[in-house]
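Novice: no letters, just coordinates:
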């Protein structure tokens, strides 16, 4: 699994000009699911999302995780993160999990995250989404399990 995370002061997902998910201060995580991913990959990524220290402490150092910072999580499925970009000028999507499987995988991932932490908001799998965010820092990291 892949997560491109961004520390945000706010983020939202819109579908057909309607807001479907939003958080204030926290992490936006764009999630790529590969066909080789398992429940163990999901568990490792969930742990990383909750414990990765990207928020400042009182001294301004990145020593706090999203839980300690009291932030929200916005999870958005993004199959393009699983693209093979090593050849030519067009991405290949063979590494991505097939959509029907990935939809179930992402739904389970979101449900498990909601059971572990709140607030957690999720985009709509497979929808044409507009993601709006204010990146703090900017702080952006690529996580892979």
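Specialist: Arrived safely, thanks for sending. All of these numbers come straight from a predicted model, not from anything done at the bench.
Novice: any idea which element residue 90 lies in?
Specialist: In this structure, residue 90 is located outside every helix and strand according to DSSP states H and E.
Novice: and if you look at residue 36?
Specialist: Counting by DSSP H and E, residue 36 is part of no helix or strand.
Novice: which helices and strands does the host helix or strand of residue 114 pack with?
Specialist: Following DSSP H and E, one finds residue 114 within helix 99-116. Where contact means 3 or more CB pairs under 8 Å, 6 or more residues apart in numbering; DSSP states H and E, helix 99-116 is packed against helix 39-51, strand 72-77, strand 120-122. Every residue, glycine included, has its C-beta placed from N, CA and C.
Novice: one more time with 10 Å, if that's ok
Specialist: Other elements packing on helix 99-116 under the criterion 3 or more CB pairs under 10 Å, 6 or more residues apart in numbering; DSSP states H and E are strand 26-32, helix 39-51, strand 72-77, strand 120-122.
Novice: give the buried residues for the shortest one.
Specialist: Within strand 120-122, the residues scored as buried using 16 or more other CB atoms under 10 Å are 120-122.
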